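S.K.: 3D model of this:
(one chain, ligands or ions: 1)
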Amino acid sequence: MKLENDLYLRALRRENTERTPVWLMRQAGRYLPEYRKVRAEAGDFMTLASTPEMACEVTIQPLERFPLDAAIIFSDILTIPDAMGLELYFEPGEGPRFNNPITDEADIKALPVPDADDLQYVMDAISLTTRTLNGRVPLIGFSGSPWTLLTYMIENGGSKTYAKSKALLYKSPELAHLLLDKLSRSIIKYLIGQIQSGASAVQIFDSWGGVLSPADFQTFSLHYMQQIVDGLKQAGFADTPVVLFSKGANQSLTAMSETGCHGLGLDWTINIDVAKTLTGDRVALQGNLDPATLYAPDAYIDQAVKQVLDAYGPGPGHVFNLGHGMQPDMDPDKVAVLVDAVRRHSSR
Ligand SMILES: Cc1c2[nH]c(c1CCC(=O)O)Cc1[nH]c(c(CCC(=O)O)c1C)Cc1[nH]c(c(CCC(=O)O)c1C)Cc1[nH]c(c(C)c1CCC(=O)O)C2
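M.R.: Numbering: from 1, shown residues only. As a prediction, this is how the structure comes out:
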């Protein structure tokens, strides 16, 4: 499909753009009253995510308010563990949980590697959203990284210490590798299905890559993201941009830039000019305003946006974003201020 606005894809390919494209992680969600309305009609999160008409509607909601340069399909990273049979649900106020958590070695050995068909509702949501967008902006597909999905599966939800996940890595590394390998094979199929359904680029959320030491990050996270980048290329999707976002893993940015991915997402704890030096001209960079900046007065947001743009400089390969996702208590009007600031300060 011919895109009316392909700034995001051109920036990921490090081509010159007339201004810096912008989208925001978690741009659809609870900070938008129109999201909360559809969410209430759906009843629970999985009904919302697995009903293509609803997923399409909430994907497009932020684009109706703000002139964003990309949409990201409304779904969740935990759809793969769900399709593996763990049965995802959300406990209000407690975050994600599984009805069938992993309890022992046999559970890991018995896990299937789902096909894209086993996540047909995601494929249907992507095709419907691509058709509805009708070329307005690119649609981003996504998945969790193998390591980040492992943590949710092993901890049965979020964690502060990742004690069970790390114990698995150190006590039973072969079992950890078996699980990470099953996850990366599932993710390759899932992302191929998403691209075939209409996604123009894919992002891998390695939200908890930063809780590993750099050496463990290499062995248990980056190695498997590399398999995914290679797997997509081998399957004939070398032209579809892949963005890796490992939060808190800035020490490994150079290694990540050597995987053959197109772009790296940055959290806000590194200056983007430093990241540029570490990654050379190998990748585009996405980021990296501290999301908490959205709690600041408008003039502060405006200047903070300008600082990130100035630090990156005028060269190609920058996609503006936050360093992590939007929070439910953020004010939508502040997003308008941010997006306007990116457009004004980056016009060339
Ligand atoms: C770690 C992670 C998850 N999910 C995701 C990540 C990686 C990104 C990150 O690091 O923030 C990814 C995700 N989750 C969601 C999206 C939608 C697309 C978008 O960015 O707009 C994306 C890209 C929707 C969602 N996924 C979820 C919500 C909120 C649930 C709701 O509306 O009830 C949304 C909008 C649920 C979810 N899903 C997850 C958590 C921790 C939660 C919050 C639980 C809670 O606070 O109750 C796991």
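S.K.: Pull up the residues of the stretch 201-348 of the chain that are close to the ligand.
M.R.: Phe205, Ser207, Gly325 (C-beta under 6 Å from any ligand atom). Heads up, the C-betas are built off the backbone N, CA and C, glycines and all.
S.K.: The first one and Ser246, how far apart?
M.R.: Read it as Phe205. Phe205 sits 9 Å away from Ser246, taking C-beta to C-beta, to the nearest Å as the criterion.
S.K.: and if you look at the second one?
M.R.: Taking C-beta to C-beta as the criterion, Ser207 is separated from Ser246 by 8 Å.
S.K.: Which residue of the two possesses the greater neighbour count?
M.R.: Ser246 (28 against 23; other C-beta atoms under 10 Å).
S.K.: Count the residues that sit near the spatially closest residue to that one that is not a sequence neighbour.
M.R.: Nearest non-adjacent residue to Ser246, counting by C-beta to C-beta, 6 or more residues apart in numbering: Gly209, 3.3 Å away. Neighbour count for Gly209, taken as other C-beta under 10 Å: 25.
S.K.: Could you do Glu174 as well?
M.R.: 6.
S.K.: And it, which helix or strand is it part of?
M.R.: Under the criterion of DSSP states H and E, Glu174 resides in helix 173-197.
S.K.: helix or strand right after that helix?
M.R.: strand 201-206.
S.K.: Dump the C-alpha coordinates for that next one into PDB.
M.R.: In PDB, the C-alpha atoms belonging to strand 201-206 read as follows (Å, rounded to 0.1, in the frame of the first residue of the first chain):
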ATOM      1  CA  ALA A 201       7.900  -2.300  10.700                       C
ATOM      2  CA  VAL A 202       8.300  -4.300  13.900                       C
ATOM      3  CA  GLN A 203       9.600  -3.400  17.300                       C
ATOM      4  CA  ILE A 204      10.900  -5.800  19.900                       C
ATOM      5  CA  PHE A 205      10.200  -4.700  23.500                       C
ATOM      6  CA  ASP A 206      13.000  -5.900  25.700                       C
END
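S.K.: per-residue confidence averaged over that strand?
M.R.: Here strand 201-206 scores 98 as its mean pLDDT.
S.K.: Can you give the distance from that strand to the centre of its chain?
M.R.: 4 Å (C-alpha atoms, centre = their mean, to the nearest Å).
S.K.: any idea which helix or strand comes after that strand?
M.R.: Heading C-terminal from strand 201-206, the first helix or strand you meet, by DSSP H and E, is helix 214-216.
S.K.: Fine, thanks again, bye for now.
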